[in-house]
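1. Coordinates for the following, if possible.
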Amino acid sequence: MQKNTFRHQPDSAATPEDNPASPGRRHGMKMLLAGGLGIASIGASKLASAASNCTHDYNQAVDYWGSHQAGVITPDTKEAIFVTFNVTTREKAQLQQLLQLISQRIAYLTRPQQLTTGKNDQLPPVESGLLGHNLSPDSLTITVAVGASLFDQRFGLAKHKPKKLIPMPRFPNDRLEKNWCGGDLSIQFCANSRESVIYALRDLISHCNKLMVPVWKMDGFLPARDIDRHSTAINLFGFKDGTGNAPITDSKLMDELVWVTANNHEPAWCLGGSYQAIRLIRFNLEFWDRTPLEDQENDFGRYKISGAPIGMQHEMDDPQMNLDPHGDRILFDSHMRRAEPRIPERHVAKLRRRSFSYSLGILPSGQLDMGLIFVAYQNDLKKGFIDTQNRLNGEPLERYIKPFGGGFFFVLPGMARENDYLGKQLLEG
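-> Numbers count the residues shown, from 1 in each chain. This next block holds a predicted model:
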């Protein structure tokens, strides 16, 4: 593999104190051990005190109203569930009923509620009981998108299909598994605790199971310490994931990258929506953990600990790729340079990522089944995910990753008025 010369500098020559066998070193170790128990005791006490003062705020609510759905550019949460469903009816009126039901449950689940199990013990409880007596929002968002398969002949919607919406194709490094691909509907649940997303999923299924059936489900998470500190989340490779994302506070940039506007020349009902690309990517972590640090950093184009571009000091530093025309510092094959070359402009990748890690179990080979739920939102699927993936084809990271599922979907516009429901513009427009 091509190497670069901008690496970590070695430490200065060792002093006698650096030698574990030196008398000074041994004396220092004795003193450290002598005070170790006391220090540990004080440290444990401080940690316990800090833990007792740190409470999870379950009352945070994200408004589901608006021209856009929540959960696309909403700040990251710690937990997520991604589920796709196939619609079981062939009647347009019943599809409308399904989307109305889903919209009603979103309105209910994302606001504080007093829960009840019902008064008739001869009937099933009206809700699962997982959250006790009170439903707190816990930053819950539920985001609904439709797949290309919904625009077949069942509902007469073919002429209304978003122009760029297609079934997800197989890219060169993929090993797609049918049971992990596609679906008529994609529903993304995000919140800051595991029980909140599970409760919402069970609620939605219990109310809608006569009209839709699950196809595949994947649970995701982000490191709690990164979310609490509002810092870039670290993926299972140990690298920061999402440093180059466009800021959600820049509404003009969000219109340029994420939301469908009149400039995209889509069907009128699509305005305010977004294309969703989901890719389930398995990591070969055992192989990765045996890979030298220099190769890992070259593959990403960033330092592992700081997240800074190679040759720079801080995570958000400009990589200045225009000053590195021969790839001596940030290799041409690096993930960073292929995904977002920044030449001739910033945000060459016309998308915004919202990915989560997953941990599923053990593979038949005995290896860990862990990896990434890659999620990207864009207003043009071709200029966004597809073009970006084509630039990444053949990158060195492919030795450690294997995409095996996911799909392309279109996020329905939001509910902007009191009598709206998700998909109303599509079905009634």
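
2. which residues of the protein score low on pLDDT?
-> The model of the chain has pLDDT under 70 over residues 1-55.

3. mind listing the helices for it?
-> 23-34, 36-53, 92-109, 194-208, 224-228, 251-257, 285-288, 293-300, 335-339, 387-392, 424-428 (DSSP state H).

4. tell me which residues of the third one are tucked away?
-> If I follow you right, that is helix 92-109. Residues Leu95, Gln96, Gln97, Leu98, Leu99, Gln100, Leu101, Ile102, Ser103, Arg105, Ile106, Leu109 are the ones in helix 92-109 that count as buried (16 or more other CB atoms under 10 Å). For every residue, glycine as well, the C-beta is placed using N, CA and C.

5. Reformat those as CSV; add distance to Arg337.
-> Formatted as CSV, those follow (distance: CB to CB, whole Å):
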residue, distance to Arg337
Leu95, 44
Gln96, 47
Gln97, 49
Leu98, 44
Leu99, 42
Gln100, 47
Leu101, 46
Ile102, 41
Ser103, 43
Arg105, 44
Ile106, 40
Leu109, 42
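
6. hmm, who's touching stretch 227-242?
-> Applying CB atoms under 8 Å, 6 or more residues apart in numbering, the set of residues contacting stretch 227-242 from outside is 76-78, 192, 222-223, 226, 243, 283, 285, 288, 296, 300, 302, 304, 307, 315, 353-355, 357, 370-372, 400.

7. With stretch 197-207 instead?
-> Stretch 197-207 is contacted from outside by 79-81, 83, 101-102, 105, 108-109, 127-128, 130-131, 135, 140, 142, 187, 189-191, 214, 217, 219, using CB under 8 Å, 6+ apart.

8. What subset of these is buried?
-> Using 16+ other CB under 10 Å, the buried ones in the contacts of stretch 197-207 are 79-81, 83, 101-102, 105, 109, 127, 131, 135, 140, 142, 187, 189-191, 219.

9. Quick one: neighbours of Ile343, just the number.
-> Counted with other CB atoms under 10 Å, the neighbours of Ile343 add up to 11.

10. Repeat that for the one 3 residues further on.
-> The local packing of Arg346 (other CB under 10 Å) involves 12 other residues.

11. separation between it and Thr232?
-> 17 Å (CB to CB, to the nearest Å).

12. what ranges do the strands span in this protein?
-> For the chain, the strands defined by DSSP state E cover 79-87, 113-114, 134-135, 141-147, 185-191, 212-221, 274-283, 352-353, 356-362, 368-378, 401-411.

13. Which secondary structure elements does the second one sit against?
-> With contacts taken as 3 or more CB pairs under 8 Å, 6 or more residues apart in numbering; DSSP states H and E, strand 113-114 sits against strand 134-135.

14. what sits up against the strand it packs on?
-> Leu109, Pro112, Gln113, Gln114, Leu115, Tyr199.

15. Now, of those residues, which are buried?
-> Among the contacts of strand 134-135, those classed as buried by 16+ other CB under 10 Å are Leu109, Leu115, Tyr199.

16. what's the closest of those to Ile248?
-> Ile248 lies nearest to Leu109 out of the buried ones among the contacts of strand 134-135, by CB to CB, at 22.8 Å.

17. Does the closest one touch Thr141 like I think?
-> No - contact status for Leu109 versus Thr141: not in contact, 9.8 Å apart, counting by CB atoms under 8 Å.

18. With distance to Leu422 added, can I get the strands of the chain in CSV?
-> Shown next, in CSV, are the strands of the chain (distance: least, CB to CB, whole Å):
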stretch, distance to Leu422
strand 79-87, 14
strand 113-114, 20
strand 134-135, 21
strand 141-147, 5
strand 185-191, 10
strand 212-221, 13
strand 274-283, 13
strand 352-353, 21
strand 356-362, 22
strand 368-378, 16
strand 401-411, 9
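
19. Select, out of those strands, the one closest to Ala339.
-> Going by CB to CB, the one of the strands of the chain nearest Ala339 is strand 352-353, 9.5 Å.

20. ok, that closest one: who's next to it in the sheet?
-> strand 368-378 (antiparallel) (DSSP bridges).

21. quick one: contacts for Asp250?
-> Neighbours of Asp250 in contact, by CB under 8 Å, 6+ apart: none.

22. so how far is Ala191 from the residue nearest to Ile106 when sequence neighbours are not counted?
-> Leaving aside its chain neighbours, Ile106 sits nearest to Ile142 (4.8 Å; criterion: CB to CB, 6 or more residues apart in numbering). Distance of Ile142 to Ala191, given as CB to CB: 9 Å.

23. Could you do Arg282 as well?
-> 25 Å.

24. swap in Glu286?
-> 31 Å.
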